[in-house]
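Peer 1: Kindly return the folded structure for what I paste below:
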Amino acid sequence: MPDWHQPNLGSKVLALCERRLGRDWQERFGHPLLLLETFVDPQRFHGTVYRAANWACVGLTRGFRRSARGYSEQPQAPKQVFVRALHPRARQRLAQPILDPPRPHRGAPHDDTDSPTDASAARELPSHR
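Peer 2: Alright, predicted model coming up:
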């Protein structure tokens with residue numbers, strides 16, 4: 001489709017994904033999604049579409065990679081970290097010492113039995129300080 005052009009296509013796709021992720025998160029976990037995060041390899045990309053969609057570059061990772069077996073033992077190339085707040089008070093809410101409890105969503109009882117972030121899974125993550 002060399003003659004086809006849609007202005008701001010990347011920003012539009014990101015906006016659609018943001019809305020869908022927010023709804024899906026609320027339905028599954030019973031509380032609003034506050035922040036999105038993504039990683040960009042600066043050796044290959046500039047993050048232009050994220051910047052154009054008002055995502056903030058907050059720095060670089062240390063280069064450790066996560067896989068099905070955990071984290072890499074040796075750091076690789078650092079990635080740029082981009083974030084986008086989905087809630088006007090995302091920063092304040094995430095900085096609270098105790099996060100707000102989840103609220104049940106209509107028709108979807110809260111069930112975190114298969115949550116990948118439960119305490120047992122967190123204990124298995126290696127510390128890279």
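Peer 1: contacts and neighbour counts: CA atoms only from here.
Peer 2: Will do.
Peer 1: quick one: least confident helix or strand in the protein?
Peer 2: For the chain, counting by mean pLDDT, DSSP states H and E, helix 119-124 ranks last in confidence among helices and strands (a mean of 51).
Peer 1: can you pull out the strands in this protein?
Peer 2: 35-40, 56-60, 66-67, 70-71, 80-85 (DSSP state E).
Peer 1: just checking, what packs against the first one?
Peer 2: Right, strand 35-40. If you count contacts as 3 or more Cα pairs under 8 Å, 6 or more residues apart in numbering; DSSP states H and E, strand 35-40 packs onto strand 80-85.
Peer 1: CA-only coordinates of the strand it packs on, as CSV, when you get a sec.
Peer 2: Provided in CSV are the C-alpha atoms of strand 80-85 (Å, rounded to 0.1, in the frame of the first residue of the first chain):
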residue,chain,number,x,y,z
GLN,A,80,14.8,3.5,27.3
VAL,A,81,11.8,3.4,29.6
PHE,A,82,8.7,5.3,28.5
VAL,A,83,5.6,5.8,30.7
ARG,A,84,2.2,7.2,30.2
ALA,A,85,-0.1,8.2,33.1
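Peer 1: Okay, buried residues for that strand please.
Peer 2: 80-85 (16 or more other Cα atoms under 10 Å).
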